[in-house]
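Participant: after the sequence you'll find the predicted model.
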Amino acid sequence: ELKVEQNPLFLSMQEGKNYTIYCNYSTTSDRLYWYRQDPGKSLESLFVLLSNGAVKQEGRLMASLDTKARLSTLHITAAVHDLSATYFCAVDQNYGGSQGNLIFGKGTKLSVKP
Amino acid sequence: EPEVTQTPSHQVTQMGQEVILRCVPISNHLYFYWYRQILGQKVEFLVSFYNNEISEKSEIFDDQFSVERPDGSNFTLKIRSTKLEDSAMYFCASSWTGVNTEAFFGQGTRLTVV
């Protein structure tokens, strides 16, 4: 059974600092997604990582995937208050097949303070 | 920009009653999903639907749940006899293909069972 572990679950950062959120998963998968959720809102797709070594960047966020280590990272550079949200990684359970069942991590609640 | 829309945004129902949650996926998408998120917890997969049939379902999706695509645009989740523990945010999502594309989520329906 696929398990997805994120850490940390809570992260309080100062503006301007850098930090990394980690997402480990337990079985082989070749598709990993990062989503952002603001309180009471829906899930906004941030990154789709589809191959070993994939790296994607958008603004102050950069995501990478190491399928051999079964690890994805979401790196935050020079955090700003607007990045405060909960970040979820999700792994597609259907390796090599059609997308179906996304298994989500518990989420990392990020709070960026001035 | 196309988006997944869900109605209602909030539904309160008495235990034992039937509820139908409605979703309009993005128009050229072929795969449809329901997820739920109990308050403060992670997002959990319920069911995926393709070509007018269920392609995958989780253990949560028992006989009390059903899905339907009654016409060319709507996708519904029915809970036959609601329980207190069904209280959660229910997200509909859709994707264009089943492989290598992210799912786009609706804004959610908050279901409260009293």
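Facilitator: Perfect, I can see it now. Keep in mind that what you see is a predicted model, and the values were worked out from it rather than measured.

Participant: for the residue most central in space within chain B, which non-adjacent residue is closest in space?
Facilitator: When C-alpha atoms, centre = their mean is applied to chain B, the residue found nearest the centroid is residue B:34 (3.2 Å). Distances taken as C-beta to C-beta, 6 or more residues apart in numbering or on different chains put residue B:46 closest to residue B:34, at 4.3 Å, once the chain neighbours are dropped. C-betas here are computed from N, CA, C, even on glycine.

Participant: same check on residue A:105?
Facilitator: Leaving aside its chain neighbours, residue A:105 sits nearest to residue A:6 (3.6 Å; criterion: C-beta to C-beta, 6+ apart).

Participant: packing partners for the helix or strand in which that neighbour is found?
Facilitator: Using DSSP states H and E, residue A:6 sits within strand A:4-7. With contacts taken as 3 or more C-beta pairs under 8 Å, 6 or more residues apart in numbering or on different chains; DSSP states H and E, strand A:4-7 sits against strand A:19-25, strand A:85-92.

Participant: who does the very next helix or strand once past it pair up with?
Facilitator: Using DSSP H and E, the helix or strand that follows strand A:4-7 in sequence is strand A:10-14. Partners of strand A:10-14 in the sheet, by DSSP bridges, are strand A:108-113 (parallel).

Participant: what separates residue B:31 from chain A, distance-wise?
Facilitator: Distance from residue B:31 to chain A, counting by C-beta to the nearest C-beta, to the nearest Å: 7 Å.

Participant: that residue pairs with what?
Facilitator: Beta-bridge partners for residue B:31, by DSSP bridges, are residue B:50, residue B:95.

Participant: test my guess that it contacts residue B:49.
Facilitator: Yes. Using C-beta atoms under 8 Å, residue B:31 is in contact with residue B:49, at 7.2 Å.

Participant: hey, what's in contact with both of the two?
Facilitator: Common neighbours of residue B:31 and residue B:49, using C-beta atoms under 8 Å, 6 or more residues apart in numbering or on different chains, are residue B:55.

Participant: buried sites along stretch B:107-114?
Facilitator: Neighbour-count burial for stretch B:107-114 flags B:107, B:108, B:109, B:110, B:111, B:113 (criterion: 16 or more other C-beta atoms under 10 Å in any protein chain shown).

Participant: mind exporting that stretch as PDB, just the C-alpha atoms?
Facilitator: Provided in PDB are the C-alpha atoms of stretch B:107-114 (Å, rounded to 0.1, in the frame of the first residue of the first chain):
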ATOM      1  CA  GLN B 107     -13.800  24.700  -4.800                       C
ATOM      2  CA  GLY B 108     -15.500  22.000  -2.700                       C
ATOM      3  CA  THR B 109     -18.800  21.300  -1.000                       C
ATOM      4  CA  ARG B 110     -18.700  21.400   2.800                       C
ATOM      5  CA  LEU B 111     -21.100  18.700   4.000                       C
ATOM      6  CA  THR B 112     -22.300  18.900   7.600                       C
ATOM      7  CA  VAL B 113     -24.300  16.000   8.900                       C
ATOM      8  CA  VAL B 114     -26.200  16.800  12.100                       C
END
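
Participant: so, in contact with chain A or not, it?
Facilitator: Yes. Part of stretch B:107-114 sits near chain A under the criterion C-beta under 8 Å from any C-beta of the partner chain, namely B:107, B:108.

Participant: which residues sit against that stretch?
Facilitator: Contacts of stretch B:107-114 (C-beta under 8 Å, 6+ apart): A:41-42, B:4-15, B:19, B:21, B:37, B:79, B:82-91.
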